[in-house]
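A.B. asks: Sharing a model prediction with you, sequence too.
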Amino acid sequence: MSNYPPPYNSGRYSPGRPAYSDRPPFPPTLNNAPREHPPYPYSNSGPPPPTASYRTYDPYTNDSRPGPYPQPRDPYTADSYDPYSPSTAYPASRYPPNASPPRQDSRPIARPASPPRRVAQSAPRQSEGKDLNMLTPVVTATISGSFTTAIYSLPPSKLPLDKYIAVNPGDCIDIHRALCRKSSAVWYADGCSRAGEGWCAAIEWIIDMGQSGRKMRACIPGGDGLDAELGAICKAVEGFHELLELSIKQGTPMSHEMIIFCDSAAAIVAIDTSSRPESLRFDALWRRVCCEFLKAHITFVWLPKNSGIEGHVLADKIAMVAASNSYLKKKKEGTLAQMYQRHGGGEPMPSGSAEAGPWQRGDADPSRRKEVFERPQPAPVAMPEVEAAVEDEVMAEEDLERHRKLFGDTETHLPPPAESIFVTSFPDALSAKDLGVLFAQFGDLTSVDIYHTDPNHPRFAYVQYTTLDSGAAAIDALHDRPIDFASPYAKENADDLADWAGWQGSMKVVRNGEGRFIPGPVEELFPGIAPWMVGKKAEVPAKEPDVGAKRSRSADGVNTEKSQSPKRPRQSSPGAVNFAAQLSDLVTSVALPAAPAAESSESSPAPPHVTPPSTHATTNGTTPQHALPPTPQTAERPSVKVASPEPNGLPTPTTAAKSAEPARPPLTNSAAEPQEYPIQYSVKTLRLLISLVSDTFTRHDVNNWIAHSCLIAVELDLARRALQADLYATDEGFLTGRELEQQLLQRGFTAPRVDAFITKVLKVLDGIALAEALEGGGEVEGEAVDKAEREQLVKQLETALERYPDQTKEAIHTAGSMMEYLHRGKELQEKKRLDVERRVKVLEGMVTIGEVVGGVVRFLLTEQQD
């Protein structure tokens, strides 16, 4: 049987056993020490459980038995409890006679001996302080005309600058957004101080591109957090000054208003009020900038440190990394001061806003004398004294006479606007705006112009719409009709049409499609008007003697033997010409200079089934060398019935009429050069055509000219891709060279100086290449034209094309001309690309080595060998 009590059933209820009957009335005692107040027994509680020393008999005698312990008081006695003297209600506990109360040791507890404290040099305070707030009054300001917020009021500065320190940090993002929308010169400044050095960073942010521009960094020996932040602002101003000077050199305008975002309110306040060296340096620098640029202005804006703006985060990272790298480098080299080598001594210093000071009142140093800056005013331009005219009429007559001597009596008048409507008979007091309001109800207007010739004739106007239907609607509604003021448009715009309200007349509104100022239907309203206004100047007949003289000269020119018509040699030429002769004539003049169009038409007849290029008619004894192909505006529309060209290749009347049009200058790029017309095939083109006909066409049906055209287009596309690659490479080289030139210009070089140096280096390289070619036994000669080889290739091409239809022959001839243009264009563009690449290489050497001819040449030769 176990002596432990039965477990307590906390989760079950037994009806046969009373609740809590198995729980002892008193918890077991841990020791036999007497308690000051014994526990109060419950009325229904039984005797306490027996102890381990309980015995059924008493072995002691009555004399040696100790006295009994005092029993607890009766709970039902008549005594009362007095809350004001509780000790009287209960008797004091008494110890047994033989027991003694515990002794209390009155001696103080001895502390263990500790070593004496060492007074160490105080380490620099770490950046654990929180930025303090300003103590100046709060005012409301509207920033950039679009955002209103509460800011701390600051005393006005003596320099041309503004400061904004928002009360609510959440408004700083809205201020940043509002200012960046209207300014392009945005800078971020931040600093960090660590191990006795202040590192500052300034970042330019290009808003249009969404990326950083210039990055500036500097070190301030012995500077704290405020010095580093002031130095960052100075670096931002230096970078802005350099950009202003560069914009003047390059002729590119830029904004003279600068915005600097900084996370230190103390630095913003102290930049122009403190006596620190960086504040004094900013004062001198900004005064110099404002003297050079009369519109220069700075706006300082406070940003919280946790704003998360990309430019601010970048500036903070640059300053923090620079300070950390300097600290680690000094620590590794052993040059770090002893006070910064202790644990925590090299941590970043607190910012300037974490230390209380007079900057919280708006002035970092009230004892400093601030001089007011006055911008220099430009000297007024002295206007030359003009002598008063004696007689205005005399002066006007002299001016008119001088104009007649210079320009004569003939005048050039501007034609009226095309597709416009003519309006007259409207009130004289109305303006063009009033006309526009009335005519705007019919459609969108382009222009409204009012003219007045003399007081004897009424005023008239030209109203032009974007569409012709709007003009027709205006004519139908207003021509010889009163204005309808009851329309919805008139009611809606009654205020704007108030000047028309009292007028009861009608206007003349007609279309001006005759190309003269006064249209025919209203010409009777302008009697005695100048002839040129009604289009009668061109109809004035010329004098008869002059006309006869011109006719006689023209007749003499036609009858002379030397001035024969260019069509006669072509009409008298033989009708049948073989294809071999045509190709041989095209090839013989490939290396010769461009000949006149008339001679080329006689010596090089066109191949069969091909309409040759038109021969340009001579004008004043000169013959144009070439003409542009027709544009979509100048080309004739193709007719439905297309007649096949004649076998003899004679020009049609349509082509002869086109040849009489004057030639215009070609649209060429920088690498294009004039070529002979018509273009002549080269050996390379002939070989490619022969390979195409002999090798590729044989895989398809002989009469399938559709497949032949597709194969020809593939070869043209390959030549086009090769030329396009050179064009792209040239453009890329040009852009790279421009970037390198910008770097040299920033270093102080000028464009003529750079070009002169590049010319010197290229001459040296050409001399070296020429010497190597002569040493190797090569001969520097031009490309010899192998006439015999070309004639042989022409015969091969003629033989290969004999069994193919006329459509294939025409496609081969057209593709041959186009392919020759592509091949020649590639040769010229390749030369251009090589020139650009050589220039870029010299610029790279100039940027890397400097303005030393020998060093750059060695750099280029070494790079070529690698």
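C.D. replies: Noted; the coordinates are in hand.
A.B. asks: Give the ranges of residues in the protein that sit below the confidence cut-off.
C.D. replies: 1-129, 380-400, 402-418, 513-515, 532-673, 676, 775-786, 864-866 (pLDDT under 70).
A.B. asks: quick check: domain ranges of it?
C.D. replies: 138-361, 420-534, 684-774+785-865 (automatic domain parsing).
A.B. asks: out of these, which comes closest to Ser367?
C.D. replies: domain 138-361 (7.7 Å; Cβ to Cβ). Any C-beta I mention is one placed from the backbone N, CA and C, and that applies to glycine too.
A.B. asks: Helices of the stretch 701-850 of the chain, start to end?
C.D. replies: In the stretch 701-850 of the chain, helices defined by DSSP state H, counting those that start in this stretch lie at 705-746, 751-775, 787-800, 806-848, listed in chain order.
A.B. asks: Please look at Gly225 and Gly352 and confirm they touch.
C.D. replies: Yes. Look at Gly225 against Gly352 with Cβ atoms under 8 Å: they come within range, at 5.0 Å.
A.B. asks: More neighbours: those two, which one.
C.D. replies: More neighbours surround Gly352 than the other of Gly225 and Gly352, with 29 against 25 (other Cβ atoms under 10 Å).
A.B. asks: returning to that earlier point: just name the most buried of the domains of the chain.
C.D. replies: Most buried of the domains of the chain by mean neighbour count (mean count of other Cβ atoms under 10 Å) is domain 138-361; its value is a mean of 19.
A.B. asks: From His256, how far out is Glu242?
C.D. replies: 14 Å (Cβ to Cβ, to the nearest Å).
A.B. asks: I meant Val138, not that one.
C.D. replies: 31 Å.
A.B. asks: Confirm that His343 lies within a strand, as I assumed.
C.D. replies: No. When classified by DSSP: H, G, I helix; E, B strand; the rest coil, His343 is found to be coil rather than part of a strand.
A.B. asks: And it, its phi and psi?
C.D. replies: Main-chain dihedrals, His343, degrees, to the nearest 10: phi -70, psi 120.
A.B. asks: what's the answer for the one 4 residues further on, then?
C.D. replies: Dihedral angles of Glu347 (phi, psi; degrees, to the nearest 10) stand at phi -70, psi 160.
A.B. asks: For Val852, see how far away it is.
C.D. replies: Per Cβ to Cβ, Glu347 is found 47 Å from Val852.
A.B. asks: again, but for Asp316
C.D. replies: Distance from Asp316 to Val852, by Cβ to Cβ: 41 Å.
A.B. asks: swap in Asp469?
C.D. replies: Distance from Asp469 to Val852, by Cβ to Cβ: 72 Å.
A.B. asks: Ignoring the adjacent residues along the chain, who's closest to Val856?
C.D. replies: Gly845 (3.7 Å; Cβ to Cβ, 6 or more residues apart in numbering).
A.B. asks: ok, now which ones touch that neighbour?
C.D. replies: Counting by Cβ atoms under 8 Å, 6 or more residues apart in numbering, Gly845 makes contact with Val761, Gly855, Val856, Val857, Phe859, Leu860.
A.B. asks: can I get these in TSV with distance to Gly145 and secondary structure?
C.D. replies: TSV is the format used below for the contacts of Gly845 (distance: Cβ to Cβ, whole Å; DSSP: H, G, I helix; E, B strand; the rest coil):
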residue	distance to Gly145	secondary structure
Val761	55	helix
Gly855	56	helix
Val856	54	helix
Val857	59	helix
Phe859	55	helix
Leu860	56	helix
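A.B. asks: Save these as CSV, and put in distance to Gly505 too.
C.D. replies: Formatted as CSV, the contacts of Gly845 follow (distance: Cβ to Cβ, whole Å):
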residue, distance to Gly505
Val761, 81
Gly855, 87
Val856, 83
Val857, 87
Phe859, 86
Leu860, 84
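A.B. asks: Strands of this structure, start to end?
C.D. replies: Assigned strands in the chain, in chain order: 138-143, 147-152, 161-164, 185-194, 197-206, 211-221, 257-262, 297-302, 420-424, 445-451, 460-465, 508-512 (criterion: DSSP state E).
A.B. asks: Of the helices of the stretch 701-850 of the chain, which is nearest Cys172?
C.D. replies: Set against Cys172 and scored by Cβ to Cβ, these come closest in helix 705-746, at 33.7 Å.
A.B. asks: which ones are touching Val734?
C.D. replies: Just so we're on the same page, residue 734 is Phe rather than Val. Phe734 neighbours (Cβ under 8 Å, 6+ apart): Val836.
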